[in-house]
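[1] 3D model of this:
(one chain, ligands or ions: 2)
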Amino acid sequence: MEQDVLMQNNLLAERNRGYFEARGILALNFLSSPGSGKTSLLEKMIPLLREVRPVSVIEGDQQTMQDAERIDALGVPVVQVNTGTGCHLDAAMINRAVREMDVASGSLLCIENVGNLVCPALFDLGEALKVVIISTTEGDDKPLKYPTMFHEADVCILNKIDLLPYVPFDAAACREHAMRVNHHLEWFELSAATGEGVEEWMEWLKRRLEQV
Ligand code: MG
Ligand code: ZN
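    Ligands and ions are numbered 1, 2, ... in the order given. A predicted model of the protein is given here:
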């Protein structure tokens with residue numbers, strides 16, 4: 001049953017991927033625990049990115065429109081997907097959301113997954129890159145506790161580095177744990193609140209956009 005669900009999802013994810021590639025759309029799947037700062041990071045990134053490319057957003061949450069309203073305030077196209085009791089987005093939800101909104105050719109599509117480090121790792125959405133976010137208010141052993149997520153990710157962002165002086169979080173140890181699980185990970189450290197480190201991540205992403 002579980003295998004069947006994942007197989008169906010993979011088929012549809014490949015269709016999404018083909019659609020994105022044909023239209024030069026770079027789709028990013030943002031993954032984290034609740035409260036790691038996915039929406040705050042998007043709020044910081046979008047004003048910087050929209051100067052170079054159109055940006056659109058799919059917001060996944062079990063309930064509420066709150067995150068979509070925060071993105072809507074920036075003036076970019078956004079669709080909220082409420083999963084109800086579901087704890088992850090799947091490829092069919094992305095397929096429907098993309099039909100609902102106008103995702104421009106040559107654009108960046110940011111997908112904010114439901115806050116959960118477990119099953120979203122198993123559901124391919126057709127994205128080009130999985131971006132996992134961990135924050136300094138969590139445990140620095142998260143990569144070891146949720147290895148599947150960190151193994152599947154392409155990019156890992158350590159957020160809330162402005163809080164490092166006040167929390168018992170060892171950034172070097174966290175990075176080491178993450179790299180032990182996946183030595184191909186691109187690693188960034190930043191604060192969506194203060195903007196520190198955001199530029200390095202934006203430079204990397206802009207270079208990636210040029211390759212699409
Ligand atoms: Mg959010
Ligand atoms: Zn789930």
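[2] Report whether F123 is found in a strand, as I expect.
    No: counting by DSSP: H, G, I helix; E, B strand; the rest coil, F123 falls outside a strand, being coil.
[3] So in the chain, which helix runs the longest?
    helix 2-22 (DSSP state H).
[4] Which positions within it qualify as buried?
    The neighbour-count check on helix 2-22 (16 or more other CB atoms under 10 Å) flags N9, L12, A13, N16, R17, Y19, F20 as buried. Where C-beta positions appear, they are placed from N, C-alpha and C, glycine not excepted.
[5] Specify the local secondary structure of the residue nearest the centre of the chain.
    By CA atoms, centre = their mean, the mean C-alpha position of the chain lies nearest to F30, the distance being 0.9 Å. Assigned by three-state DSSP, the conformation of F30 is strand.
[6] what's it in contact with, if anything?
    K38, L41, L42, C110, I111, E112, N113, V131, I133 (CB atoms under 8 Å, 6 or more residues apart in numbering).
[7] Which ones among those lie within helices?
    Using DSSP H, these in helices are K38, L41, L42.
[8] Out of those, flag the one nearest to E199.
    L41 (13.2 Å; CB to CB).
[9] Excluding sequence neighbours, find me the nearest residue to that closest one.
    A192 (4.4 Å; CB to CB, 6 or more residues apart in numbering).
[10] Count the neighbours of the one you found for me.
    25 (other CB atoms under 10 Å).
[11] any idea how far it is from L163?
    11 Å (CB to CB, to the nearest Å).
[12] Next: R207.
    29 Å.
[13] neighbour-wise, which of those two wins?
    L163 (15 against 9).
[14] Spatially, and excluding backbone neighbours, which residue is closest to that one.
    T136 (5.0 Å).
[15] OK, contacts around that neighbour?
    For T136, the contact set (CB under 8 Å, 6+ apart) comprises L158, N159, K160, I161, L163, L164, V167, F169, A171.
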